[in-house]
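In: my questions concern the predicted model and sequence given below.
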Amino acid sequence: MPALSLAYRVETHRLSAPFRISGFVFESSDVVVAELSDGEFTGRGEAAGVYYLGDDSAHIVAELEVYREVIERCADREQLRQLMPRGGARNAVDCALWDLEAKRRDTDALRLATIREPRALVTTFTLGADEPEVMAEGARRYADAQAIKIKLTGELEIDIARVAAIRAARPDVWLGVDANQGYARADLDSLVEGLSMQRVSLLEQPLKRGRESDLDGYRCPIPIAADESALGLDDVPALLGRFDVINIKLDKCGGLTEALLIADEAKRQGLGVMVGNMVGTSLAMAPAFVVGQHCDVVDLDGPTFLVEDRKPSCQYRDGTIWCSDEVWGSRLAA
């Protein structure tokens, strides 16, 4: 295989409104777009990194330079997975390799992943933390949503009020909540009781990463999803008996290649599978859409937070997401 040429750029995409979660407020999303060229075809991949690990755009760029020679001489995606650490830099390169291979073989990434009949996926639409009435109005604006995810802040009383207001506004939808590590084990019973009353179907990452053992022996009526507690494939064994679902994000695990391995292993171990995102453009959602074909829960609404998405874009219709070959992963893509 001839040596590849790596190029990259940093882009800043403004959010249409500030987005608040436990401990953070976001007003823009910085992403790194990596391009790998063989002289005839160019593959692209986008990464936002993992903010709570310090994996921002500057860190991604630094890693791309450190591993430039490895990347440009990489024989295949599995070799890349072995030679680079997981995170945003490897994600951008891994997705670029998928795109490049699809173009070289004149096929598409879904077929490379042995998905013959892809389907539009019901995706959650996320509400950032705000006053209960503001969030309820946001839920009503998601008129076509079939599933809504609610960001919590770790403040028990107002978090329960937020969920109750949203449930009253949208009694018809599937509801999940994301605590983003905001709670302690001592508050978990009260939180779960309040969420159960509002027919919440998923509780994501209630406790801090590193406190997974606090869930030993805990029997929760609501499935608990691991997000920050599940970065890569090697985290899966420690989830068993503590979590019910694993939230796979390509920026965490370092690309589509490892994401698919995690989905397979999680299912083999009896865990539910979810795919999420770190907020990015349709170029980041398209490879995650491939993972989503294997998932029980899909959270790929990242571009809906942006003032402007790149074109061509993923399509959001009737509460679902569809990523065509024109977005990424075929010769039809840019």
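Out: On my side now, so go ahead.

In: please save the CA atoms from the longest helix belonging to the chain in CSV.
Out: For the chain, the helix with the greatest residue count under DSSP state H is helix 88-104. The C-alpha coordinates for helix 88-104 follow below in CSV (Å, rounded to 0.1, in the frame of the first residue of the first chain):
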residue,chain,number,x,y,z
GLY,A,88,-10.1,12.2,19.2
ALA,A,89,-7.0,12.0,17.1
ARG,A,90,-7.3,8.3,16.4
ASN,A,91,-11.1,8.8,15.8
ALA,A,92,-10.5,11.3,13.1
VAL,A,93,-7.9,9.2,11.4
ASP,A,94,-9.8,5.9,11.7
CYS,A,95,-12.9,7.4,10.2
ALA,A,96,-10.8,8.9,7.4
LEU,A,97,-9.4,5.4,6.7
TRP,A,98,-12.9,4.0,6.5
ASP,A,99,-13.9,6.8,4.1
LEU,A,100,-10.8,6.2,2.0
GLU,A,101,-11.3,2.4,1.8
ALA,A,102,-14.9,2.9,0.7
LYS,A,103,-13.8,5.2,-2.1
ARG,A,104,-10.9,3.0,-3.2
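
In: would you map the helices across the chain?
Out: 57-66, 68-72, 77-83, 88-104, 109-112, 132-141, 156-169, 188-197, 236-239, 250-253, 256-268, 282-292.

In: please produce a markdown table containing the ones you listed, extended by mean pLDDT.
Out: Listed next are these as a markdown table, based on pLDDT from 0 to 100:
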| stretch | mean pLDDT |
| --- | --- |
| helix 57-66 | 98 |
| helix 68-72 | 97 |
| helix 77-83 | 96 |
| helix 88-104 | 98 |
| helix 109-112 | 98 |
| helix 132-141 | 97 |
| helix 156-169 | 98 |
| helix 188-197 | 98 |
| helix 236-239 | 97 |
| helix 250-253 | 98 |
| helix 256-268 | 98 |
| helix 282-292 | 98 |
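
In: format those as TSV; extra columns: distance to Ser330 and mean neighbour count.
Out: From N, CA and C alone the C-beta is placed, and that goes for glycine too. Listed next are those as TSV, based on distance: least, C-beta to C-beta, whole Å; neighbours: other C-beta atoms under 10 Å:
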stretch	distance to Ser330	mean neighbour count
helix 57-66	24	17
helix 68-72	22	15
helix 77-83	17	16
helix 88-104	5	28
helix 109-112	7	20
helix 132-141	34	17
helix 156-169	38	19
helix 188-197	41	17
helix 236-239	31	16
helix 250-253	18	30
helix 256-268	14	21
helix 282-292	10	28
